[in-house]
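Q: sequence and computational prediction follow.
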Amino acid sequence: MDSIFAKIILFFASILSIGLGASYIKLGADNLTFDFKTGENYPIYYYLNVQNAGPQKARFEISSDAAWISGYRESTNYTFVELPPQAYINFVLEIHPERLPDGVNEAKINLRVLDISSLVSQEVVLDESEVPITLNKNIIPTESPETTVQTSSPTPTPTPS
């Protein structure tokens, strides 16, 4: 009976925290763009700074929607970390532009924050965020065309006399 009551309280507490909009994710960057030209060093490494802005310790998970970019905790290859309130961590983004065609390539990094105490019985998501990633491969910036001044009538030529 006590475990059912505890689960009901946890369920309503989770709904209340989601309803109040408690934000757990504070990012160092929310939109990333990279330029790559064939012949440069790869993979590209980027440190995405993430802070727990929430009121309690939580589990932060990182994933990607594309095979050419992966994220993991700095100094390890884990895709998750448990952070106390106000603590921060760097997730390493490893980007492989050699796997991509020339042009503009887009992907998203997904961050989820889970309630640690609910992981045993169910997964309660406290917060989610997406970081759009744009990789420009072998794109040459085009210059804007110069405007030329043209006269509406031709210049008169002198006639021989």
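A: Thanks, I have the structure now.

Q: can we go C-alpha only for contacts and neighbour counts from here?
A: Fine.

Q: now do the nearest residue to Ile95 once chain neighbours are set aside against Ser75, distance only.
A: Leaving aside its chain neighbours, Ile95 sits nearest to Ile69 (4.5 Å; criterion: CA to CA, 6 or more residues apart in numbering). Ile69 sits at a distance of 17 Å from Ser75 (criterion: CA to CA, to the nearest Å).

Q: quick one on the thing from earlier: pretty sure the residue nearest to Ile95 is touching Leu100, no?
A: No - checked against CA atoms under 8 Å, the pair Ile69 and Leu100 is beyond contact range at 10.7 Å.

Q: these two: who's more crowded?
A: Taking neighbours as other CA atoms under 10 Å, Ile69 and Leu100 compare with Ile69 leading, 21 against 13.

Q: mind listing what that one touches?
A: Applying CA atoms under 8 Å, 6 or more residues apart in numbering to Ile69 gives the contacts 93-96, 107.

Q: repeat that for Pro55.
A: 24, 85.

Q: and it, that one's in a strand?
A: No - counting by DSSP: H, G, I helix; E, B strand; the rest coil, Pro55 is not part of a strand but coil.

Q: so that it lines up with my notes, have the first residue be 50 from now on.
A: All right, first residue 50 from here; so that's Pro104.

Q: for Ser124, see how far away it is.
A: The separation that Pro104 has from Ser124, given CA to CA, amounts to 26 Å.

Q: contacts only, for Arg148.
A: Trp117.

Q: likewise Ala156?
A: 113-115, 118, 181-183.

Q: okay, and the beta partners of it?
A: Ile182 (DSSP bridges).

Q: separation between Val141 and Pro190?
A: 28 Å.

Q: Leu149 now?
A: 19 Å.

Q: so where do the strands sit in this protein?
A: 74-76, 81-85, 93-101, 107-113, 118-122, 129-132, 137-144, 152-164, 174-186 (DSSP state E).

Q: appreciated, that's everything.
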